[in-house]
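Engineer: need a structure here:
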Amino acid sequence: MATHHDLIIIGTGSGNSLVTPELEGLDIAIVEEGTFGGTCLNVGCIPTKMLVLPADRVLESREAERLGVTISREVSVDWPGIRDRIFTNRIDLIADGGERYRRSQGFVTVYAATARFVGERHLALSTGEEITADRVVVAAGSRADLLDIDGLDRVDPARGIHTSDTVMRMDELPQRMAIVGGGFVACEFAHVFSALGVEVTQIQRSSALLRAEDAEISRRYTELARGRHDVRLETVVTSAMRSDAGTWTLGLKGLDGDTDVEVDAVLVAVGRTPNGSRLEVETGGIEVDARGVVVVDAQQHTTADGVWALGDVANSWQLKHVANHEARIVAHNLAVDAGRMDGEPLDADHRFVPHAVFGHPQIAAFGPTRAELDEAGTPYVAKTQSFGDTAYGWALEDTTGILTVYADPSTRLILSAHCMGPNASTLIQPLIQAASFGQNAHEVARGQYWIHPALAEVVENALLGLDVQPRH
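Structural biologist: Residues are numbered from 1 along each chain as shown. Predicted structure coming up:
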């Protein structure tokens with residue numbers, strides 16, 4: 001017989017934040033198959049950024065030469081020290097503490113198990129138990145994809161085959177690593193490992209890295225990356241063979257025909273798949289789209305009565321800040337639906353979703369690219385501002401950083417922005433705010449002081465430089 005709860009939450013990433021004060025006292029079940037905290041805390045955003053920091057310091061020491069400073073001491077990398085600072089001393093403590101706290105709450109039951117739907121709001125667990133609830137939230141995230149190639153079709157850290165889930169916990173740095181993929185995960189790890197002394201070969205099937213970015217940023221970043229490590233464009237992996245000595249030979253097919261590369265480890269970073277299929281959500285009456293994403297409405301309701309979904313399992317952005325926003329919406333709507341709060345349900349706001357790539361340099365953007373605006377026939381004005389044409393950018397000796405702003409020619413409302421350069425993820429925030437609150441470019445540029453000579457003048461100058469004539 002199934003155990004009944006008032007609410008079941010599947011996943012402890014952003015799903016863990018759903019236990020708000022308004023819902024305390026309900027009989028809540030939390031189902032987690034792995035480590036508390038989800039992708040971002042354990043294998044994603046936070047540990048990767050902690051890895052990016054030492055990598056940035058290495059490259060910055062080399063770049064200091066153009067400022068008249070030569071740091072001649074050879075770089076020494078303490079990989080176990082870097083790894084343990086991240087996990088042993090930080091991440092693992094937070095994850096363990098989060099689970100202990102939830103288990104200590106008398107109204108919360110934690111099930112350490114995998115789950116699958118066997119009916120409406122009815123789950124079967126890998127422990128053999130079955131649970132039901134009046135309300136269910138699917139916050140089960142996504143998983144790293146692998147390749148349909150023998151040897152690269154499963155994670156095997158002991159044999160040197162990794163995804164982002166395992167590569168940060170390696171016992172030692174390999175001398176040579178192949179990174180398959182050209183998106184943000186692949187590019188961030190290529191930056192990290194090449195800066196730390198690994199001979200990186202990055203294999204990308206398209207003609208440029210970060211193809212989802214504005215074309216000029218993608219082009220510039222690809223050129224910079226090719227100056228730091230081996231980048232094989234328009235190339236695919238066709239085979240993988242492991243030698244008795246433990247090295248891997250990857251067969252490649254690309255612009256130069258059939259070639260191969262010998263490495264000590266392989267990181268497969270070719271995308272992520274939502275976990276809805278693993279939960280067999282359709283058995284619970286929950287519809288998924290052609291990409292496997294759980295279908296939700298503006299209030300994060302699924303197509304099943306009493307079931308909400310949020311995060312990577314229910315959107316294509318696969319970003320922690322999107323999952324957090326959706327969790328706030330779901331928490332409110334759960335409280336209203338359960339009669340624990342007065343008011344009306346809220347809609348999620350996905351108008352201006354930003355993202356960042358923490359390579360070197362950083363990239364940050366929101367809204368459509370130039371190509372997407374052109375394809376949609378959207379009128380726009382645009383201004384591309386070079387970092388080096390501002391006082392602080394000049395002081396930095398920056399030669400590659402740019403910010404492009406697109407705006408509506410009649411209203412001057414900001415449509416999108418795309419940035420590459422130092423602190424891009426911070427620099428773009430005033431533009432996200434302006435777009436979100438309907439402030440036009442002139443108001444933002446002239447309605448406030450801009451510190452001189454701060455890097456924020458890149459934003460000011462881009463706004464002031466917008467042409468009043470529309471371009472299509």
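
Engineer: From here on, just use CA atoms for contacts and neighbour counts.
Structural biologist: Noted.

Engineer: In this protein, which residue is most central in space?
Structural biologist: With distances taken as CA atoms, centre = their mean, L319 lies nearest the centre of the chain, 4.7 Å away.

Engineer: any idea how far that one is from F387?
Structural biologist: According to CA to CA, to the nearest Å, L319 and F387 sit 27 Å apart.

Engineer: ranges for the helices of the stretch 1-150 of the chain?
Structural biologist: For the stretch 1-150 of the chain, helices defined by DSSP state H, counting those that start in this stretch occupy the ranges 38-43, 45-63, 79-86, 92-104.

Engineer: actually the stretch 351-472 of the chain, sorry about that
Structural biologist: Using DSSP H, counting those that start in this stretch, the helices of the stretch 351-472 of the chain run over 370-376, 391-395, 424-427, 429-436, 441-446, 457-464.

Engineer: Compare those helices and give me the one nearest F352.
Structural biologist: Of all the helices of the stretch 351-472 of the chain, helix 429-436 sits nearest to F352, with 6.6 Å by CA to CA.

Engineer: Name the residues that touch that closest one?
Structural biologist: With CA atoms under 8 Å, 6 or more residues apart in numbering as the contact definition, helix 429-436 has outside contacts at 351-352, 354, 366, 413-417, 440-441, 444, 459.

Engineer: Show me what the mean pLDDT comes to for that helix.
Structural biologist: The average pLDDT for helix 429-436 rounds to 98.

Engineer: quick revisit: highest mean neighbour count across the helices of the stretch 351-472 of the chain, which stretch is it?
Structural biologist: helix 457-464 (a mean of 23; mean count of other CA atoms under 10 Å).

Engineer: Tell me how far that one lies from the chain's centre.
Structural biologist: 27 Å (CA atoms, centre = their mean, to the nearest Å).

Engineer: for stretch 449-459, same thing?
Structural biologist: Taking mean C-alpha positions (CA atoms, centre = their mean), stretch 449-459 and its chain are 28 Å apart.

Engineer: got it, and stretch 411-430?
Structural biologist: 18 Å.

Engineer: okay, how far is it across that stretch, tip to tip?
Structural biologist: For stretch 411-430, the first-to-last residue distance is 18 Å (CA to CA).

Engineer: re the thing from before, what is the nearest of the contacts of helix 429-436 to I179?
Structural biologist: Nearest to I179, judged by CA to CA, of these is P354 at 25.4 Å.

Engineer: Give me the distance between that closest one and V313.
Structural biologist: Separation of P354 from V313 (CA to CA): 19 Å.

Engineer: isn't there a helix covering D312?
Structural biologist: Yes - counting by DSSP: H, G, I helix; E, B strand; the rest coil, D312 is part of a helix.

Engineer: quick one: the helices in the stretch 201-350 of the chain?
Structural biologist: Along the stretch 201-350 of the chain, counting by DSSP H, counting those that start in this stretch, helices occupy 215-226, 320-337.

Engineer: Indicate which one of these is closest to M168.
Structural biologist: Across the helices of the stretch 201-350 of the chain, closest to M168 is helix 320-337 (CA to CA), at 18.9 Å.

Engineer: average model confidence for the closest one?
Structural biologist: The pLDDT scores in helix 320-337 average 98.

Engineer: Chain neighbours aside, what residue packs nearest to G393?
Structural biologist: Closest residue to G393 apart from its sequence neighbours, by CA to CA, 6 or more residues apart in numbering: F387 at 4.8 Å.

Engineer: pretty sure that neighbour is touching V458, no?
Structural biologist: Yes - F387 is within contact range of V458, at 6.0 Å (criterion: CA atoms under 8 Å).

Engineer: shared neighbours, the two?
Structural biologist: Residues touching both F387 and V458 by CA under 8 Å, 6+ apart: L403.

Engineer: ok, now how distant is M177 from Y221?
Structural biologist: According to CA to CA, M177 and Y221 sit 20 Å apart.

Engineer: returning to what we had before: quick one: contacts for the residue nearest to the centre of the chain?
Structural biologist: For L319, the contacting residues are 311-312, 355, by CA under 8 Å, 6+ apart.

Engineer: try 10 Å
Structural biologist: Counting by CA atoms under 10 Å, 6 or more residues apart in numbering, L319 makes contact with 40, 44-45, 311-312, 353-356.

Engineer: Run a quick neighbour tally on G25.
Structural biologist: Residue neighbour count, defined by other CA atoms under 10 Å, stands at 13 for G25.

Engineer: now the end-to-end length of stretch 211-219.
Structural biologist: Across stretch 211-219, the terminal residues are separated by 9 Å (CA to CA).

Engineer: what's the spacing between that stretch and its chain's center?
Structural biologist: Relative to the centre of its chain, stretch 211-219 is centred 17 Å away, using CA atoms, centre = their mean.

Engineer: Quick check: mean pLDDT of it?
Structural biologist: Rounded mean pLDDT across stretch 211-219 is 98.

Engineer: again with stretch 108-116
Structural biologist: For stretch 108-116, mean pLDDT rounds to 98.

Engineer: send the alpha carbons of that stretch over as CSV?
Structural biologist: Once non-C-alpha atoms are left out, stretch 108-116 reads as follows in CSV (Å, rounded to 0.1, in the frame of the first residue of the first chain):
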residue,chain,number,x,y,z
VAL,A,108,9.6,16.2,6.0
THR,A,109,10.3,12.6,4.9
VAL,A,110,13.4,12.2,2.8
TYR,A,111,13.5,9.2,0.4
ALA,A,112,17.0,8.4,-0.9
ALA,A,113,15.8,6.7,-4.1
THR,A,114,15.0,7.0,-7.8
ALA,A,115,11.4,7.4,-8.7
ARG,A,116,9.1,6.7,-11.6
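
Engineer: Just the buried positions in it, please.
Structural biologist: 108-116 (16 or more other CA atoms under 10 Å).

Engineer: Stretch 29-38 too?
Structural biologist: Residues of stretch 29-38 classed as buried by neighbour count (16+ other CA under 10 Å): 29-33, 35-38.

Engineer: any idea how far V444 is from the spatially closest residue to A407 that is not a sequence neighbour?
Structural biologist: Using CA to CA, 6+ apart and skipping residues adjacent in sequence, the residue nearest A407 is I414, 4.2 Å away. Taking CA to CA as the measure, I414 falls 10 Å from V444.

Engineer: Between these two, which contacts overlap?
Structural biologist: Contact criterion CA under 10 Å, 6+ apart; residues shared by I414 and V444: 431, 433-434, 463.

Engineer: Return the member of these nearest to I9.
Structural biologist: Distances from I9 to the shared contacts of I414 and V444, taken by CA to CA, are shortest for Q433, at 31.7 Å.
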